[in-house]
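K.L.:
Make a model of this:
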Amino acid sequence: MIPTASSARLHYVHDPMCSWCWGFRPTWERVRSQLPDGLQLIRRVGGLAPDSDEPMPEEMRQGLQQTWQRIQQRIPGTEFNYDFWQRNTPRRSTWPACRAVIAARQLGGDEADRRMTHGIQKAYYLEARNPSDRPVLADIASEIGLDREAFEAWMNGPEIEKLLQQELAEVRALGIDSFPSLRIEKDGLAAHLPIDYNHPETLLLAIREFLDQPHGQHA
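P.N.:
Predicted coordinates:
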């Protein structure tokens with residue numbers, strides 16, 4: 001690994017209920033484990049779909065299942081439990097899951113953020129549980145080792161909505177509106193990295209090439 005300037009930052013923007021983020025997870029974990037020394041990693045949630053109590057229309061349900069199928073074709077080895085669509089009343093609502101990730105981060109830092117994100121993904125995509133439901137999110141928090149009462153206090157407290165909206169504003173200010181997204185910055189300059197879902201070495205090369213440039217490149 002190569003050293004980097006202390007000003008270098010990598011923004012990873014995701015949504016815990018984004019199916020493409022789930023497909024990207026194995027490659028991203030390999031990239032994350034090999035990031036150059038000194039590169040600051042900043043995790044942010046993207047807020048894919050706001051709060052809703054309305055059942056998901058049938059057309060959208062079918063469309064998302066087709067998306068899962070496309071992901072399995074494009075990213076071999078990605079698993080989905082299609083029982084989700086029979087066991088639940090799906091809603092197009094990811095903000096509760098985003099708040100849960102932020103609450104976990106407040107309680108346990110970036111490691112708790114990662115564990116909560118993965119817990120939500122496993123519940124949704126493998127276990128056919130609905131992370132749009134707050135009790136499910138509290139269960140996941142307990143399962144990953146967080147104090148349930150402390151987690152629920154954050155989820156029900158006055159600060160969580162402020163933190164969510166602040167984070168979504170930061171993501172918009174970065175020019176990001178799709179997930180997953182990676183944006184790298186150094187010395188006041190930045191670039192959006194193209195996502196390679198299957199080849200971590202491609203992303204690592206792009207990161208190193210950006211950091212090695214004397215002046216970077218504009219986004």
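K.L.:
burial of the nearest residue to residue 88 once chain neighbours are set aside, as a residue count?
P.N.:
Once flanking residues are discounted, residue 88 sits nearest to residue 130: 4.4 Å by C-beta to C-beta, 6 or more residues apart in numbering. All C-beta spots, glycine's among them, are computed from the backbone N, C-alpha and C. By other C-beta atoms under 10 Å, the residues close to residue 130 number 20.
K.L.:
wait, residue 130 sits on residue 86?
P.N.:
No: with contact defined as C-beta atoms under 8 Å, residue 130 and residue 86 do not form a contacting pair (12.0 Å).
K.L.:
For the protein, give me the ranges with low pLDDT.
P.N.:
1-6, 215-219 (pLDDT under 70).
K.L.:
Can you show me the helices along it?
P.N.:
19-33, 58-74, 84-87, 95-121, 134-143, 148-156, 159-173, 200-212 (DSSP state H).
K.L.:
buried ones in the shortest one?
P.N.:
Neighbour-count burial for helix 84-87, counted by 16 or more other C-beta atoms under 10 Å, picks out 84-85.
K.L.:
Then the fourth one?
P.N.:
By neighbour count, and taking 16+ other C-beta under 10 Å as the criterion, the buried residues in helix 95-121 are 95-108, 112-121.
K.L.:
and what of stretch 192-206?
P.N.:
193, 195-197, 200, 202-204, 206.
K.L.:
any idea which of the residues you listed is closest to residue 42?
P.N.:
residue 193 (13.8 Å; C-beta to C-beta).
K.L.:
The closest residue to the closest one other than its chain neighbours bridge partners, please.
P.N.:
Counting by C-beta to C-beta, 6+ apart, residue 193 lies nearest to residue 182, which is 4.2 Å off, once chain neighbours are set aside. For residue 182, the beta-bridge assignment (DSSP bridges) gives partners residue 12, residue 193.
K.L.:
Count the residues that sit near residue 182.
P.N.:
21.
K.L.:
What is the burial count for the residue nearest to residue 52 when sequence neighbours are not counted?
P.N.:
Closest residue to residue 52 apart from its sequence neighbours, by C-beta to C-beta, 6+ apart: residue 93 at 4.3 Å. Residues within reach of residue 93, counting by other C-beta under 10 Å, total 21.
K.L.:
quick one: contacts for residue 93?
P.N.:
Contacts for residue 93 (C-beta atoms under 8 Å, 6 or more residues apart in numbering) come out as 49-53, 132.
K.L.:
What separation do you get for it and residue 119?
P.N.:
18 Å (C-beta to C-beta, to the nearest Å).
K.L.:
And residue 160, how far from residue 151?
P.N.:
11 Å.
K.L.:
shared neighbours, these two?
P.N.:
What both residue 160 and residue 151 touch, as defined by C-beta under 8 Å, 6+ apart, is the set residue 103.
K.L.:
between those two, which one's more packed in?
P.N.:
residue 151 (24 against 18).
K.L.:
How about the contacts made by that one?
P.N.:
100, 103-104, 107, 138, 141-142.
K.L.:
Can you tell me which of those residues is nearest residue 176?
P.N.:
Nearest to residue 176 among the contacts of residue 151, with distances taken as C-beta to C-beta, is residue 100, at 20.5 Å.
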